[in-house]
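Peer 1: Let's see this in three dimensions:
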Amino acid sequence: MALHSEGLMKRRQFLATSVAASTVGIAGKLIAETATTPSRDYYQLRRYSLLSGPQLKLTESYFSDALIPALGRLGMGPVGALKLDIGPETPTYVLIIPSTNLADLAELDLRLAQDAEFLRAAEPFWNATNAAPAFIRIESWLLKAFQGWPKLTLPPSAATKAKRIFQLRTYESPSNGEHVRKVEMFHAGEFGIFLKAGFHPVFFGDGLIGSRLPHLTYMLSFADMAELEARWDIFRNDPAWKKLSADPHYAFDQIVNNITNVILSPLACSQI
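Peer 2: Below is the predicted model of the structure:
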């Protein structure tokens, strides 16, 4: 009996040691993977619906003199400040605000209200009255960067302020499951096809909060409309795209049931 008890105790000690070692090994692997995997951006997309006239100059001055500098002080950027050129409901300005801190984006207006320097610069816009409003309405969406494209990527033309346009595309899906499959499709080869075709992707994001969910949104940059059309022709005719899009798992009419496609150009204050 004594020998049996001693053997049982040793076995328990062995199992406990093995489990502990295994746990340490798994934890170490997770820490190592976390250390080598870039943190993923969050994006707040703001859409400012405006009226032609004084609202345009007032809003652009608010972006350049107050909001973008304040976002920089909060560690957010580069910020995209864009004008809708082709799409519904013009005039419209679009802001793209990236951050790795979700709480900062969620509480952004509360944080801005505590920034005295911002409030001084923003006063004409921030305190506009009903008699002379600064905008019609502001809509906001929160996105999280795709795992396969975790960071906003500046187009080369942003550094030199060269002429450039942006295509902002939103894919809506009929269900959450189909949305997940469309995101999976980008990771299954679509990223590579974009790059092979000479595109300059800026970001890819999953819609977390906002209207028309579930959806994803991504942005591409081009020199002009001629380049946009040429790059898409290359993309559509790529054998890899034809193969990927023909895969029944990614049948497009099942995983995407509405696309919003708009063209934007940068305002002078844009950092993208």
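Peer 1: alpha carbons only for contacts and neighbour counts from here, please
Peer 2: Will do.
Peer 1: how far away is the residue most central in space within the chain from Ser39?
Peer 2: Most central in the chain under CA atoms, centre = their mean is Gly205, positioned 3.8 Å from the mean C-alpha point. Going from Gly205 to Ser39 by CA to CA, to the nearest Å gives 14 Å.
Peer 1: Please apply the same query to Val94.
Peer 2: The spacing between Val94 and Ser39, counted by CA to CA, is 25 Å.
Peer 1: Between the two, which has more neighbouring residues?
Peer 2: Val94 (22 against 14; other CA atoms under 10 Å).
Peer 1: Identify the residues contacting the closest residue to that one other than its chain neighbours.
Peer 2: Spatial nearest neighbour of Val94, excluding adjacent residues (CA to CA, 6 or more residues apart in numbering): Arg47 at 4.6 Å. Shown in contact with Arg47 (CA atoms under 8 Å, 6 or more residues apart in numbering): 92-95, 138-140.
Peer 1: what do you get for His249?
Peer 2: Neighbours of His249 in contact, by CA under 8 Å, 6+ apart: Arg181.
Peer 1: Assign it to helix, strand or coil.
Peer 2: Of the three states, His249 takes helix under DSSP: H, G, I helix; E, B strand; the rest coil.
Peer 1: quick check: domain ranges of the chain?
Peer 2: Using automatic domain parsing, the domains assigned to the chain come out as 1-35, 42-266.
Peer 1: Which of these has the highest mean neighbour count?
Peer 2: Ranked by mean neighbour count, these are led by domain 42-266 with a mean of 17 (mean count of other CA atoms under 10 Å).
Peer 1: Please tell me how far that one is from the chain's geometric centre.
Peer 2: 7 Å (CA atoms, centre = their mean, to the nearest Å).
Peer 1: okay, how far is it across that domain, tip to tip?
Peer 2: Per CA to CA, domain 42-266 runs 21 Å from first to last residue.
Peer 1: Over to stretch 194-204?
Peer 2: Per CA to CA, stretch 194-204 runs 12 Å from first to last residue.
Peer 1: Name the residues that touch it?
Peer 2: 145-146, 149, 151-155, 216-222, 231-232, 234-235.
Peer 1: mind listing which of the contacts of Arg47 are in strands?
Peer 2: The strands, defined by DSSP state E, take in 92-95, 138-140 from those.
Peer 1: Could you dump these into JSON lines with pLDDT added?
Peer 2: Conversion of these to JSON lines gives the following (pLDDT from 0 to 100):
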{"residue": "Thr92", "pLDDT": "98"}
{"residue": "Tyr93", "pLDDT": "98"}
{"residue": "Val94", "pLDDT": "98"}
{"residue": "Leu95", "pLDDT": "98"}
{"residue": "Ile138", "pLDDT": "97"}
{"residue": "Glu139", "pLDDT": "96"}
{"residue": "Ser140", "pLDDT": "96"}
